[in-house]
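Asker: take a look and give me a structure for this.
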Amino acid sequence: MELLNRQKTGKVERPVKVLQFGEGNFLRAFVDYMIDIANEKGEFNGDVVLVKPIEFGSLERFHEQECQYTVQLRGIVDGKAQRINRIVTSVSDAVDAYGEYEKYAAYARLDTLRFIVSNTTEAGIVYDDTDRLEYMPPKTYPGKLTKFLYERYQHFNGAQDKGLIMLPVELIDDNGIHLKECVLKLAALWKLEEGFITWINEACVFTSTLVDRIVTGYPRDEAEELCKEFGYQDNLIVTGEPFALWVIESDKDISEELPLPKVGLPVIFTDNQKPYKQRKVRILNGAHTSFVLASYLCGNDIVLQSMQDELILNFIKATIFEEVIPTLTLPKQELEEFAQAVLTRFNNPYVKHAHLSISLNSVSKWRARCMPSFLEYVEEKDALPEHLTFSLAALMAFYTGTEIRDKALIGHRGEEEYNILDDEAVLNFFAANSSKGTKEYVHNTLANTEFWGQDLSAVAGVENAIVSYLEDIRTLGMRRAIEKNMQ
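Answerer: Residues are numbered from 1 along each chain as shown. Purely as a prediction, here's the structure:
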C-alpha cells in the first residue's frame with residue numbers, strides 16, 4: 001500500500017506562520033487540525049513547522065510521509081456514534097532542534113513567522129539558571145525560546161512588527177504568564193540588552209491558554225484495518241474525540257490574525273480565561289471525581305459503563321446541574337450546554353476511560369475539583385449539597401484498607417482486590433484510620449487539614465451526614481446507598 005505523501009494529498013504550499021515546539025499527538029490533532037480547517041476555508045493561509053525540542057526520538061516517520069497524516073475523530077455527533085476522518089496538510093516540515101540546529105535557528109529569521117505554539121509537558125515551562133545562551137540549542141524550552149526570540153530581534157533590528165505571538169498549551173495555570181517570566185529571567189541572566197526586553201514587552205504577545213480534547217493517539221491495534229479503509233499507509237494516524245475547546249487569554253486582541261472562530265472552530269478569545277478554567281475543573285473534572293469511586297464500588301469499571309447505569313447517570317446529572325452549576329459565574333445556559341457536552345463525551349463508545357485510572361490521587365482531586373463547589377453551595381444555600389457530600393463518603397469507602405503493598409493501599413470490591421494509589425502520607429492515614437468505627441474514621445478524615453487545607457468537620461452538619469452515608473454504604477452496599485441518597 002502506498003505511503004501517504006504530498007502527491008496523494010495535493011498539498012498546497014503556504015507561507016510558514018507557525019513554529020510548533022512539540023510533534024506529539026495532541027498538537028497534531030488539535031492545533032494543526034484547526035489550522036488545516038482554517039486554511040481550507042481561506043481564512044489563515046499558513047503552514048506549521050514542527051520542532052522536536054528534545055534530544056531523543058526520531059522524525060523519520062514525518063519525513064517519510066512528508067508531514068501528511070490522518071486525524072480520526074471518534075464519538076457521539078448529532079446523537080450517533082461516528083468516525084470523522086481528515087487528512088491534515090497544514091504541516092510543511094519537521095526539524096530537530098539538536099540534530100538540525102542551523103535549519104531550526106534559521107526560522108527565527110523567517111519574515112512570515114508569527115506564532116509559536118508549544119506543548120513541552122507541565123515540566124517544560126521552568127526557569128533553569130544553568131541554561132546558557134551559547135548552547136545550540138539551550139536545554140530548556142524557555143531557554144530555546146529566549147535565544148530564538150533574541151536572534152529574531154537581532155536579525156530584524158528590533159522591528160515592532162516582527163514580534164511573535166506565543167500560544168503555550170502546557171497544562172499549567174497561567175502558562176503564558178509563567179513562560180514570559182522565564183524568558184525575562186533568562187534575558188536578565190544572559191545580560192541581554194534593554195532593547196530586547198522592551199521588544200519582548202511591546203512587540204511580542206504571551207497568551208495563556210486552556211485546551212480541552214481527549215486525544216487517544218496512534219490506534220496501534222486498529223492501524224492496519226484503518227489503512228485498508230483509507231486506501232493508503234499512514235504511520236502517523238491520530239485518533240481523538242470530536243469535542244474540542246481552546247480558550248486564549250490575551251491583553252491584545254489577536255483574533256483577526258488567528259481567525260479560527262470565523263470558520264466555526266471552538267476557540268474563545270478572552271482577557272480572562274479563569275471562568276472557563278473553573279467551568280472545566282468543576283463540571284468536567286469535578287464530575288469525574290464525584291462519581292467514579294462510587295460507580296467503581298457499584299461494579300462499573302469504565303466511564304462508559306457508568307453512563308449506561310441509570311442510577312449512576314442520574315447521580316451525575318443531579319451533582320452537575322443541581323449542585324455544581326449553581327455555584328459558577330458564567331451564564332446558566334452556557335454552563336448547561338457545556339455540561340450536556342460533557343455527558344456526551346462521557347458516553348463516547350470509542351473511549352475506554354478506566355475508573356481506577358481516574359481514581360489516582362483522589363484526595364487532592366476532590367479538594368481541587370469538588371470542594372470549591374461544595375463550600376460555595378453551603379455558603380449560598382445554607383445547606384449541604386447532598387450528592388457532593390455523598391461523594392466524599394464514597395471516597396472514604398473507596399479508600400478503605402489496612403494493607404499497603406507495592407506502594408498501593410489494597411482495597412476490596414467484594415472478593416476482588418484493587419490498588420488505591422495516592423501520596424504515601426495519604427495511604428498511611430487511611431491504612432491507620434479506615435478500619436476504625438465510622439464516627440471516628442469520618443471525623444479524623446474531615447479534620448485532616450493536610451488533606452483539605454481546612455477542618456471540614458467544622459462545616460455545619462457535614463460530619464453527621466457523612467457518617468450516615470458511610471454507614472449505609474457499609475451495611476447496604478454502595479448501590480443501595482446511592483439509591484437511598486437519590487430518593
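
Asker: do you know how far the residue lying farthest from the centre of the chain is from Ile283?
Answerer: Distance from the centre of the chain peaks at Gly437, with 39.0 Å (C-alpha atoms, centre = their mean). Using C-beta to C-beta, to the nearest Å, Gly437 is found at 36 Å from Ile283. C-beta here means a position set from N, CA and C on the backbone, and glycine is covered the same way.

Asker: for Ile54, helix, strand, or coil?
Answerer: coil (DSSP: H, G, I helix; E, B strand; the rest coil).

Asker: give me the neighbour count for it.
Answerer: Neighbours of Ile54 under the rule other C-beta atoms under 10 Å: 17.

Asker: before we move on, what about Glu380?
Answerer: Neighbour tally, Glu380, other C-beta under 10 Å: 10.

Asker: quick one: low-confidence parts of the stretch 151-300 of the chain?
Answerer: When residues are selected by pLDDT under 70, none of them lie in the stretch 151-300 of the chain.

Asker: show me where it has helices.
Answerer: Ranges of helices within the stretch 151-300 of the chain are 175-189, 194-203, 223-230, 274-279, 286-297, based on DSSP state H, counting those that start in this stretch.

Asker: show me what the third one is packed against.
Answerer: What it means is helix 223-230. Counting contacts by 3 or more C-beta pairs under 8 Å, 6 or more residues apart in numbering; DSSP states H and E, helix 223-230 packs against strand 69-77.

Asker: got the angle for the strand it packs on vs helix 223-230?
Answerer: On the basis of axes from the mean of the first three to the mean of the last three C-alpha atoms, to 10 degrees, strand 69-77 is oriented at 90 degrees to helix 223-230.

Asker: next one: strand 69-77 to chain centre, how far?
Answerer: In terms of C-alpha atoms, centre = their mean, to the nearest Å, the centre of strand 69-77 is set 18 Å apart from its chain centre.

Asker: can you show me the CA trace of it as CSV?
Answerer: Provided in CSV are the C-alpha atoms of strand 69-77 (Å, rounded to 0.1, in the frame of the first residue of the first chain):
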residue,chain,number,x,y,z
TYR,A,69,-1.2,12.5,8.3
THR,A,70,-4.8,11.5,9.1
VAL,A,71,-6.9,12.6,12.1
GLN,A,72,-9.8,10.4,13.0
LEU,A,73,-12.3,11.9,15.5
ARG,A,74,-14.5,9.3,17.2
GLY,A,75,-17.5,9.9,19.3
ILE,A,76,-21.2,10.9,19.5
VAL,A,77,-22.0,13.5,16.9
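
Asker: what is the mean pLDDT for that strand?
Answerer: Mean pLDDT, taken over the full extent of strand 69-77, equals 97.

Asker: name the strands paired with it and say parallel or antiparallel.
Answerer: Take DSSP bridges as the rule and strand 69-77 pairs in its sheet with strand 80-88 (antiparallel), strand 238-240 (parallel).

Asker: next secondary structure after the first one?
Answerer: Spelled out, it's strand 80-88. strand 91-96 (DSSP states H and E).

Asker: that following strand to strand 69-77, inter-axis angle?
Answerer: 110 degrees.

Asker: which helices and strands does strand 91-96 pack with?
Answerer: strand 47-52, helix 60-64, helix 101-106.

Asker: these: which one's closest to Leu446?
Answerer: Among these, the nearest to Leu446 by C-beta to C-beta is strand 47-52 (48.5 Å).

Asker: give me the contacts around the closest one.
Answerer: Strand 47-52 is contacted from outside by 13-23, 31-32, 35, 59, 62, 67, 90-98, 104, 107, 117, using C-beta atoms under 8 Å, 6 or more residues apart in numbering.

Asker: over to stretch 469-487?
Answerer: Counting by C-beta under 8 Å, 6+ apart, 294, 297-299, 311-312, 314-315, 318, 386-387, 389-390, 393-394, 396-397, 438, 441-442 sit against stretch 469-487.
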